[in-house]
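**Q** below are the sequence and a predicted model; questions follow.
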Amino acid sequence: MTCDQARLLIGAQPGASDPTLEEHLRTCGACRQFREEMRALDGNIRRALERPPALAVQRAPARSPWREWALAAGVLLATMAAVSVWLLRPSETLAHEVVAHVQAEPNSWLAQQHVSAAEIGDALKGAGVALHVNSDKVMYASSCWFRGHYVPHLVVQTDAGPATVMLLRHEHVRAQQSFNEDGLSGVIVPSGAGSIAVLTRGAGNPMAIAGQMQQDVQWLPQGK
Amino acid sequence: MRNSPPESPVSSISERLSGPDRRSPEGRLFESLRPDLVRFAHWLARDRALAEDIVQESLLRAWRSRDALKDPGAARAWLLTIVRREHARLYERKRLELVSLDEVAETQAGAQLGESDGELFSLRHAIMRLPIEYREPLLLQVLGGFTTEEIARELALSSTAVLTRLFRARNKLRVICGIPAAPDVSDSEAAS
(Lines give C-alpha, C1' and ligand atoms only; values in the text may rest on other atoms or scores of the structure.)
Protein backbone atom coordinates (compact mmCIF):
# COMPACT_ATOMS: atom_id res chain seq x y z
CA MET A 1 0.00 0.00 0.00
CA THR A 2 1.29 3.43 -0.91
CA CYS A 3 1.05 6.52 1.25
CA ASP A 4 -1.55 7.98 -1.14
CA GLN A 5 -3.73 4.90 -0.82
CA ALA A 6 -3.31 4.93 2.95
CA ARG A 7 -4.24 8.61 3.18
CA LEU A 8 -7.31 8.03 1.05
CA LEU A 9 -8.57 5.25 3.32
CA ILE A 10 -7.75 7.18 6.47
CA GLY A 11 -9.32 10.39 5.20
CA ALA A 12 -12.45 8.59 4.08
CA GLN A 13 -12.79 6.33 7.13
CA PRO A 14 -10.61 7.54 10.00
CA GLY A 15 -11.98 4.95 12.40
CA ALA A 16 -11.63 1.99 10.09
CA SER A 17 -8.92 -0.58 10.42
CA ASP A 18 -7.60 -2.72 7.60
CA PRO A 19 -4.81 -5.31 7.77
CA THR A 20 -3.03 -3.83 4.77
CA LEU A 21 -3.35 -0.35 6.20
CA GLU A 22 -2.09 -1.44 9.60
CA GLU A 23 0.91 -3.05 7.97
CA HIS A 24 1.68 0.20 6.15
CA LEU A 25 1.28 2.24 9.32
CA ARG A 26 3.81 0.12 11.18
CA THR A 27 6.50 1.42 8.87
CA CYS A 28 5.19 4.91 7.98
CA GLY A 29 5.29 7.54 10.68
CA ALA A 30 3.76 10.24 8.45
CA CYS A 31 0.66 8.18 7.77
CA ARG A 32 0.41 7.27 11.45
CA GLN A 33 0.39 10.92 12.36
CA PHE A 34 -2.15 11.60 9.61
CA ARG A 35 -4.47 9.01 11.09
CA GLU A 36 -4.15 10.48 14.56
CA GLU A 37 -5.01 13.91 13.22
CA MET A 38 -7.94 12.59 11.21
CA ARG A 39 -9.36 10.62 14.12
CA ALA A 40 -9.21 13.69 16.31
CA LEU A 41 -10.86 15.72 13.58
CA ASP A 42 -13.52 13.06 13.11
CA GLY A 43 -14.39 13.24 16.78
CA ASN A 44 -14.96 16.95 16.39
CA ILE A 45 -17.00 16.41 13.24
CA ARG A 46 -19.27 14.00 15.09
CA ARG A 47 -19.70 16.48 17.93
CA ALA A 48 -20.36 19.28 15.48
CA LEU A 49 -22.99 17.27 13.62
CA GLU A 50 -24.92 16.64 16.81
CA ARG A 51 -26.44 20.07 16.48
CA PRO A 52 -26.86 22.05 13.30
CA PRO A 53 -26.08 25.72 13.74
CA ALA A 54 -29.07 27.94 14.36
CA LEU A 55 -28.97 30.00 11.25
CA ALA A 56 -30.97 33.03 10.33
CA VAL A 57 -31.01 34.54 6.92
CA GLN A 58 -30.11 38.21 6.93
CA ARG A 59 -32.38 39.48 4.27
CA ALA A 60 -32.48 42.92 2.82
CA PRO A 61 -35.20 45.12 4.34
CA ALA A 62 -38.50 44.87 2.54
CA ARG A 63 -38.98 47.50 -0.12
CA SER A 64 -41.89 49.83 0.14
CA PRO A 65 -44.63 49.28 -2.44
CA TRP A 66 -44.17 52.88 -3.60
CA ARG A 67 -40.60 52.11 -4.44
CA GLU A 68 -41.73 49.19 -6.56
CA TRP A 69 -44.24 51.41 -8.36
CA ALA A 70 -41.63 54.12 -8.88
CA LEU A 71 -39.24 51.56 -10.27
CA ALA A 72 -41.91 50.22 -12.62
CA ALA A 73 -42.81 53.73 -13.77
CA GLY A 74 -39.16 54.50 -14.39
CA VAL A 75 -38.76 51.40 -16.48
CA LEU A 76 -41.92 52.28 -18.43
CA LEU A 77 -40.71 55.82 -19.13
CA ALA A 78 -37.32 54.60 -20.19
CA THR A 79 -38.96 52.09 -22.52
CA MET A 80 -41.22 54.76 -24.03
CA ALA A 81 -38.24 57.05 -24.53
CA ALA A 82 -36.31 54.28 -26.24
CA VAL A 83 -39.27 53.47 -28.48
CA SER A 84 -39.69 57.16 -29.37
CA VAL A 85 -36.05 57.45 -30.28
CA TRP A 86 -36.34 54.32 -32.34
CA LEU A 87 -39.40 55.58 -34.16
CA LEU A 88 -38.00 59.02 -34.86
CA ARG A 89 -34.45 58.12 -35.68
CA PRO A 90 -34.86 56.31 -39.01
CA SER A 91 -36.93 58.95 -40.77
CA GLU A 92 -34.74 61.83 -39.65
CA THR A 93 -31.65 59.95 -40.57
CA LEU A 94 -33.18 58.79 -43.82
CA ALA A 95 -34.01 62.35 -44.90
CA HIS A 96 -30.53 63.50 -44.00
CA GLU A 97 -28.94 60.63 -45.91
CA VAL A 98 -31.10 61.29 -48.97
CA VAL A 99 -29.96 64.92 -48.96
CA ALA A 100 -26.35 63.90 -48.45
CA HIS A 101 -26.57 61.44 -51.30
CA VAL A 102 -28.02 63.96 -53.71
CA GLN A 103 -25.45 66.57 -52.71
CA ALA A 104 -22.74 64.03 -53.43
CA GLU A 105 -23.96 63.87 -57.03
CA PRO A 106 -24.30 67.57 -57.94
CA ASN A 107 -24.06 66.83 -61.66
CA SER A 108 -27.31 64.94 -61.50
CA TRP A 109 -29.16 68.29 -61.42
CA LEU A 110 -27.32 69.62 -64.46
CA ALA A 111 -28.36 67.10 -67.10
CA GLN A 112 -29.85 68.80 -70.15
CA GLN A 113 -30.88 65.78 -72.17
CA HIS A 114 -33.25 63.08 -71.27
CA VAL A 115 -31.99 59.58 -70.79
CA SER A 116 -32.97 56.63 -72.93
CA ALA A 117 -35.47 54.02 -71.92
CA ALA A 118 -32.61 51.54 -71.75
CA GLU A 119 -30.76 53.72 -69.24
CA ILE A 120 -33.89 54.00 -67.15
CA GLY A 121 -34.23 50.24 -67.35
CA ASP A 122 -30.66 49.84 -66.12
CA ALA A 123 -31.32 52.19 -63.22
CA LEU A 124 -34.39 50.23 -62.24
CA LYS A 125 -32.76 46.86 -62.70
CA GLY A 126 -32.87 44.73 -59.57
CA ALA A 127 -34.67 47.43 -57.59
CA GLY A 128 -38.00 45.64 -57.60
CA VAL A 129 -39.84 48.50 -59.20
CA ALA A 130 -41.30 49.44 -62.54
CA LEU A 131 -41.82 53.02 -63.59
CA HIS A 132 -44.61 54.13 -65.93
CA VAL A 133 -43.30 57.49 -66.93
CA ASN A 134 -42.50 59.17 -70.18
CA SER A 135 -38.77 58.78 -70.65
CA ASP A 136 -38.35 62.23 -72.09
CA LYS A 137 -39.02 63.67 -68.67
CA VAL A 138 -36.20 61.74 -67.04
CA MET A 139 -32.98 63.68 -67.22
CA TYR A 140 -30.84 61.46 -65.07
CA ALA A 141 -31.08 57.79 -64.12
CA SER A 142 -28.61 55.88 -62.06
CA SER A 143 -28.59 52.85 -59.85
CA CYS A 144 -26.99 54.07 -56.63
CA TRP A 145 -25.74 52.25 -53.56
CA PHE A 146 -27.80 53.58 -50.70
CA ARG A 147 -28.20 52.07 -47.25
CA GLY A 148 -27.06 48.65 -48.31
CA HIS A 149 -29.06 48.40 -51.52
CA TYR A 150 -28.97 49.61 -55.09
CA VAL A 151 -31.80 52.07 -55.55
CA PRO A 152 -32.99 54.02 -58.60
CA HIS A 153 -31.87 57.64 -58.44
CA LEU A 154 -33.71 59.72 -61.01
CA VAL A 155 -33.98 63.37 -61.88
CA VAL A 156 -37.21 64.28 -63.60
CA GLN A 157 -37.97 67.52 -65.30
CA THR A 158 -41.00 69.41 -64.01
CA ASP A 159 -42.53 72.77 -64.78
CA ALA A 160 -40.78 74.16 -61.71
CA GLY A 161 -37.42 72.69 -62.55
CA PRO A 162 -35.65 69.40 -61.92
CA ALA A 163 -36.62 67.17 -59.07
CA THR A 164 -34.71 64.22 -57.68
CA VAL A 165 -36.62 61.02 -57.09
CA MET A 166 -35.25 58.05 -55.20
CA LEU A 167 -37.26 54.86 -55.12
CA LEU A 168 -36.52 53.21 -51.79
CA ARG A 169 -37.93 49.73 -51.71
CA HIS A 170 -36.20 48.84 -48.44
CA GLU A 171 -37.05 51.98 -46.49
CA HIS A 172 -40.36 52.14 -44.72
CA VAL A 173 -41.87 55.29 -43.29
CA ARG A 174 -45.13 55.35 -41.38
CA ALA A 175 -46.26 58.69 -42.75
CA GLN A 176 -45.26 61.50 -45.03
CA GLN A 177 -42.05 63.22 -43.89
CA SER A 178 -41.34 66.71 -45.15
CA PHE A 179 -38.03 68.39 -44.59
CA ASN A 180 -35.84 71.29 -45.66
CA GLU A 181 -32.11 71.00 -45.57
CA ASP A 182 -29.31 72.94 -47.22
CA GLY A 183 -31.63 74.72 -49.64
CA LEU A 184 -33.39 71.53 -50.63
CA SER A 185 -37.03 70.83 -50.02
CA GLY A 186 -37.93 67.23 -49.68
CA VAL A 187 -40.54 64.73 -48.82
CA ILE A 188 -40.51 61.03 -48.16
CA VAL A 189 -43.80 59.27 -48.62
CA PRO A 190 -44.80 55.69 -47.98
CA SER A 191 -45.49 53.83 -51.16
CA GLY A 192 -46.36 50.22 -51.64
CA ALA A 193 -43.66 48.04 -50.22
CA GLY A 194 -41.24 50.92 -49.67
CA SER A 195 -41.11 54.65 -49.95
CA ILE A 196 -40.36 57.43 -52.39
CA ALA A 197 -38.09 60.36 -51.65
CA VAL A 198 -38.41 63.55 -53.67
CA LEU A 199 -36.12 66.57 -53.47
CA THR A 200 -36.48 69.89 -55.25
CA ARG A 201 -34.54 73.09 -55.35
CA GLY A 202 -36.17 76.47 -55.29
CA ALA A 203 -39.82 76.65 -56.19
CA GLY A 204 -40.52 73.00 -56.80
CA ASN A 205 -43.34 71.28 -54.98
CA PRO A 206 -41.98 67.92 -53.83
CA MET A 207 -45.30 66.77 -52.42
CA ALA A 208 -47.06 67.14 -55.75
CA ILE A 209 -44.28 65.28 -57.52
CA ALA A 210 -44.33 62.56 -54.90
CA GLY A 211 -48.06 62.19 -55.44
CA GLN A 212 -47.56 61.79 -59.15
CA MET A 213 -44.73 59.29 -58.64
CA GLN A 214 -46.93 57.20 -56.36
CA GLN A 215 -49.18 56.69 -59.34
CA ASP A 216 -46.33 56.05 -61.79
CA VAL A 217 -44.42 53.59 -59.66
CA GLN A 218 -45.28 49.93 -59.56
CA TRP A 219 -43.64 47.87 -56.83
CA LEU A 220 -42.87 44.41 -58.10
CA PRO A 221 -43.02 41.24 -56.00
CA GLN A 222 -39.87 40.60 -54.01
CA GLY A 223 -37.04 39.08 -56.03
CA LYS A 224 -37.99 40.55 -59.40
CA MET B 1 -73.16 18.85 -5.15
CA ARG B 2 -70.01 20.26 -3.66
CA ASN B 3 -66.62 18.73 -3.98
CA SER B 4 -64.88 17.90 -0.78
CA PRO B 5 -61.69 19.90 -0.16
CA PRO B 6 -58.48 18.19 -1.21
CA GLU B 7 -56.76 16.22 1.48
CA SER B 8 -53.65 17.89 2.80
CA PRO B 9 -50.69 15.54 2.99
CA VAL B 10 -49.43 17.32 6.05
CA SER B 11 -52.66 17.06 7.95
CA SER B 12 -53.02 13.53 6.72
CA ILE B 13 -49.75 12.31 8.17
CA SER B 14 -50.30 14.37 11.25
CA GLU B 15 -53.67 12.82 11.79
CA ARG B 16 -52.45 9.38 11.08
CA LEU B 17 -49.42 9.56 13.32
CA SER B 18 -51.16 11.46 16.05
CA GLY B 19 -54.28 9.34 15.76
CA PRO B 20 -54.73 5.65 16.15
CA ASP B 21 -51.72 4.88 14.01
CA ARG B 22 -49.44 6.66 16.39
CA ARG B 23 -50.18 3.98 18.88
CA SER B 24 -49.16 1.32 16.38
CA PRO B 25 -45.63 -0.05 16.63
CA GLU B 26 -44.61 1.49 13.31
CA GLY B 27 -46.05 4.87 14.21
CA ARG B 28 -44.22 4.93 17.54
CA LEU B 29 -41.01 3.80 15.88
CA PHE B 30 -41.21 6.49 13.22
CA GLU B 31 -41.96 9.18 15.76
CA SER B 32 -39.06 8.12 17.94
CA LEU B 33 -36.73 8.63 15.00
CA ARG B 34 -38.10 12.02 14.03
CA PRO B 35 -35.41 14.08 15.83
CA ASP B 36 -32.67 12.16 14.02
CA LEU B 37 -34.44 12.65 10.71
CA VAL B 38 -34.92 16.36 11.26
CA ARG B 39 -31.28 16.82 12.22
CA PHE B 40 -30.18 14.93 9.11
CA ALA B 41 -32.55 16.91 6.90
CA HIS B 42 -31.42 20.14 8.51
CA TRP B 43 -27.79 19.46 7.62
CA LEU B 44 -28.85 18.53 4.10
CA ALA B 45 -31.22 21.42 3.45
CA ARG B 46 -29.38 23.95 5.66
CA ASP B 47 -32.75 25.26 6.78
CA ARG B 48 -34.72 24.14 9.82
CA ALA B 49 -38.21 24.89 8.50
CA LEU B 50 -37.47 23.19 5.21
CA ALA B 51 -36.05 20.23 7.09
CA GLU B 52 -39.31 19.88 9.03
CA ASP B 53 -41.26 19.87 5.79
CA ILE B 54 -38.98 17.28 4.23
CA VAL B 55 -39.30 15.00 7.22
CA GLN B 56 -43.06 15.38 7.31
CA GLU B 57 -43.33 14.41 3.67
CA SER B 58 -40.84 11.60 4.16
CA LEU B 59 -42.81 10.14 7.05
CA LEU B 60 -45.93 10.22 4.93
CA ARG B 61 -44.18 8.31 2.19
CA ALA B 62 -42.71 5.90 4.70
CA TRP B 63 -46.09 5.29 6.26
CA ARG B 64 -47.64 4.50 2.94
CA SER B 65 -44.97 1.93 2.16
CA ARG B 66 -44.39 0.69 5.69
CA ASP B 67 -45.02 -2.86 4.54
CA ALA B 68 -41.66 -2.73 2.77
CA LEU B 69 -39.91 -2.41 6.12
CA LYS B 70 -39.34 -6.01 7.15
CA ASP B 71 -36.79 -5.37 9.87
CA PRO B 72 -37.64 -2.67 12.43
CA GLY B 73 -33.94 -2.52 13.26
CA ALA B 74 -33.31 -1.14 9.77
CA ALA B 75 -35.95 1.59 10.17
CA ARG B 76 -33.50 4.37 10.90
CA ALA B 77 -31.37 3.77 7.80
CA TRP B 78 -34.50 3.22 5.72
CA LEU B 79 -36.05 6.48 6.85
CA LEU B 80 -32.80 8.38 6.33
CA THR B 81 -32.67 7.25 2.72
CA ILE B 82 -36.27 8.37 2.25
CA VAL B 83 -35.39 11.76 3.71
CA ARG B 84 -32.35 12.07 1.46
CA ARG B 85 -34.41 11.22 -1.61
CA GLU B 86 -37.18 13.58 -0.57
CA HIS B 87 -34.62 16.35 -0.20
CA ALA B 88 -33.21 15.61 -3.65
CA ARG B 89 -36.72 15.39 -5.08
CA LEU B 90 -37.63 18.72 -3.58
CA TYR B 91 -34.79 20.40 -5.39
CA GLU B 92 -35.65 18.67 -8.63
CA ARG B 93 -39.33 19.54 -8.34
CA LYS B 94 -38.98 23.13 -7.27
CA ARG B 95 -36.40 25.76 -7.87
CA LEU B 96 -35.97 26.57 -4.25
CA GLU B 97 -34.66 29.93 -3.31
CA LEU B 98 -30.94 29.47 -2.94
CA VAL B 99 -29.57 31.35 0.00
CA SER B 100 -25.92 32.18 -0.02
CA LEU B 101 -24.38 31.20 3.26
CA ASP B 102 -22.65 34.55 3.22
CA GLU B 103 -26.10 35.96 3.96
CA VAL B 104 -26.61 33.59 6.82
CA ALA B 105 -25.43 34.15 10.32
CA GLU B 106 -25.88 32.16 13.47
CA THR B 107 -28.56 33.72 15.57
CA GLN B 108 -27.73 35.25 18.89
CA ALA B 109 -29.64 32.53 20.65
CA GLY B 110 -27.87 29.84 18.74
CA ALA B 111 -24.49 31.32 19.39
CA GLN B 112 -25.21 31.47 23.10
CA LEU B 113 -26.46 27.92 23.36
CA GLY B 114 -23.44 26.67 25.20
CA GLU B 115 -21.24 27.28 22.22
CA SER B 116 -18.01 28.08 23.93
CA ASP B 117 -15.80 26.00 21.69
CA GLY B 118 -14.73 28.23 18.82
CA GLU B 119 -13.37 25.33 16.84
CA LEU B 120 -16.66 23.45 16.95
CA PHE B 121 -18.50 26.61 15.98
CA SER B 122 -16.26 27.07 12.97
CA LEU B 123 -16.53 23.41 12.10
CA ARG B 124 -20.33 23.53 12.02
CA HIS B 125 -20.28 26.42 9.62
CA ALA B 126 -17.59 24.78 7.53
CA ILE B 127 -19.71 21.64 7.21
CA MET B 128 -22.70 23.75 6.20
CA ARG B 129 -20.56 25.35 3.52
CA LEU B 130 -19.38 22.04 2.09
CA PRO B 131 -20.74 21.47 -1.41
CA ILE B 132 -23.58 18.97 -1.39
CA GLU B 133 -21.48 16.32 -3.18
CA TYR B 134 -19.15 16.27 -0.18
CA ARG B 135 -21.65 17.05 2.55
CA GLU B 136 -24.09 14.33 1.60
CA PRO B 137 -21.77 11.30 1.84
CA LEU B 138 -20.26 12.69 5.02
CA LEU B 139 -23.69 13.00 6.62
CA LEU B 140 -24.70 9.54 5.48
CA GLN B 141 -21.54 8.10 6.97
CA VAL B 142 -21.32 10.00 10.23
CA LEU B 143 -24.97 10.63 11.06
CA GLY B 144 -26.47 7.69 9.21
CA GLY B 145 -23.83 5.08 9.97
CA PHE B 146 -23.82 3.95 6.34
CA THR B 147 -20.89 1.97 4.98
CA THR B 148 -19.00 3.10 1.92
CA GLU B 149 -20.78 0.52 -0.19
CA GLU B 150 -24.19 1.55 1.10
CA ILE B 151 -23.45 5.19 0.36
CA ALA B 152 -22.27 4.23 -3.11
CA ARG B 153 -25.54 2.41 -3.77
CA GLU B 154 -27.63 5.25 -2.42
CA LEU B 155 -25.81 7.91 -4.41
CA ALA B 156 -25.33 5.75 -7.51
CA LEU B 157 -21.57 6.18 -7.32
CA SER B 158 -18.65 3.81 -7.28
CA SER B 159 -17.13 2.96 -3.91
CA THR B 160 -13.94 4.65 -5.03
CA ALA B 161 -15.80 7.86 -5.81
CA VAL B 162 -17.40 7.77 -2.38
CA LEU B 163 -14.02 7.27 -0.70
CA THR B 164 -12.61 10.19 -2.65
CA ARG B 165 -15.50 12.46 -1.70
CA LEU B 166 -15.24 11.51 1.94
CA PHE B 167 -11.50 12.13 1.89
CA ARG B 168 -11.95 15.53 0.27
CA ALA B 169 -14.73 16.52 2.63
CA ARG B 170 -12.55 15.87 5.66
CA ASN B 171 -9.53 17.39 4.00
CA LYS B 172 -11.44 20.64 3.57
CA LEU B 173 -12.48 20.55 7.21
CA ARG B 174 -8.87 19.97 8.33
CA VAL B 175 -7.97 23.43 7.13
CA ILE B 176 -10.80 24.97 9.16
CA CYS B 177 -9.32 23.36 12.24
CA GLY B 178 -5.91 24.81 11.51
CA ILE B 179 -4.38 21.62 10.19
CA PRO B 180 -2.67 21.85 6.81
CA ALA B 181 -4.57 20.08 4.04
CA ALA B 182 -3.20 16.73 2.99
CA PRO B 183 -2.19 16.31 -0.65
CA ASP B 184 -5.28 15.58 -2.68
CA VAL B 185 -5.86 12.16 -4.16
CA SER B 186 -6.81 11.79 -7.78
CA ASP B 187 -9.61 9.47 -8.76
CA SER B 188 -7.15 7.26 -10.62
CA GLU B 189 -4.98 6.90 -7.52
CA ALA B 190 -8.00 6.07 -5.50
CA ALA B 191 -9.00 3.41 -7.95
CA SER B 192 -5.64 1.64 -7.89
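**A** All right, it came through fine.
**Q** any low-confidence regions in chain B?
**A** By pLDDT under 70, the weakly predicted segments of chain B are B:1-22, B:92-118, B:186-192.
**Q** and what of chain A?
**A** Within chain A, the stretches with pLDDT under 70 are A:54-68, A:82-92, A:135, A:223-224.
**Q** tell me which parts of it are close to chain B?
**A** Applying C-beta under 8 Å from any C-beta of the partner chain, one finds that chain A approaches chain B through A:4-5, A:7-9, A:11-14, A:34, A:37-38, A:41-42, A:44-59. The C-beta positions use only the backbone N, C-alpha and C, and glycine is treated the same way.
**Q** any of the residues you listed buried? List them.
**A** Taking 16 or more other C-beta atoms under 10 Å in any protein chain shown as the criterion, what is buried in the residues of chain A next to chain B is A:4-5, A:7-9, A:11-14, A:34, A:37-38, A:41-42, A:44-45, A:48-49, A:51-55.
**Q** so how far is A:L110 from B:E136?
**A** For B:E136, the distance to A:L110 equals 85 Å [C-beta to C-beta, to the nearest Å].
**Q** next one: A:N205
**A** A:N205 sits 21 Å away from A:L110 when distances are taken as C-beta to C-beta.
**Q** who's more crowded, these two?
**A** A:N205 (16 against 10; other C-beta atoms under 10 Å in any protein chain shown).
**Q** thought the more buried one was touching A:G161?
**A** No. With contact defined as C-beta atoms under 8 Å, A:N205 does not reach A:G161; the gap is 10.4 Å.
**Q** helix/strand/coil for the residue lying closest to A:G186 once chain neighbours are set aside?
**A** Closest residue to A:G186 apart from its sequence neighbours, by C-beta to C-beta, 6 or more residues apart in numbering or on different chains: A:L199 at 4.3 Å. Recorded secondary structure, A:L199: strand (DSSP: H, G, I helix; E, B strand; the rest coil).
**Q** next secondary structure after the host helix or strand of B:R39?
**A** Element membership of B:R39, judged by DSSP states H and E, is helix B:25-45. The helix or strand immediately downstream of helix B:25-45 is helix B:48-64, counting by DSSP H and E.
**Q** next one: that following helix to chain centre, how far?
**A** 11 Å (C-alpha atoms, centre = their mean, to the nearest Å).
**Q** repeat that for stretch A:162-179.
**A** 23 Å.
**Q** likewise for stretch A:8-21?
**A** Mean C-alpha position of stretch A:8-21 versus that of the full chain (C-alpha atoms, centre = their mean) differs by 62 Å.
**Q** what's in contact with it?
**A** Outside stretch A:8-21, the residues that touch it by C-beta atoms under 8 Å, 6 or more residues apart in numbering or on different chains are A:1, A:6, A:31, A:34-35, A:38-39, A:41-42, B:141, B:148, B:162-164, B:166-168, B:170-171, B:182, B:185, B:189-190.
**Q** now, of the residues you listed, which are buried?
**A** Neighbour-count burial (16+ other C-beta under 10 Å) is assigned, among these, to A:1, A:6, A:31, A:34-35, A:38, A:41-42, B:141, B:148, B:162-164, B:166-168, B:170-171, B:182, B:185, B:190.
**Q** narrow the residues you listed to those in helices?
**A** Residues of the buried ones among the contacts of stretch A:8-21 located in helices (DSSP state H): A:6, A:31, A:34-35, A:38, A:41-42, B:141, B:148, B:162-164, B:166-168, B:170-171, B:190.
**Q** measure the residue at the greatest distance from the centre of chain A to chain B for me?
**A** Distance from the centre of chain A peaks at A:R26, with 72.2 Å (C-alpha atoms, centre = their mean). Relative to chain B, A:R26 is positioned 20 Å away (C-beta to the nearest C-beta, to the nearest Å).
**Q** one more: A:A127?
**A** For A:A127, the distance to chain B - C-beta to the nearest C-beta - is 54 Å.
**Q** what's the answer for A:D18, then?
**A** 12 Å.
**Q** then A:W219?
**A** 51 Å.
**Q** ok so, going back, so how far is the helix holding B:R39 off the chain centroid?
**A** On C-alpha atoms, centre = their mean, the centre of helix B:25-45 falls 10 Å from the chain's centre.
**Q** what do you get for stretch B:23-33?
**A** That offset, for stretch B:23-33, works out to 20 Å (C-alpha atoms, centre = their mean).
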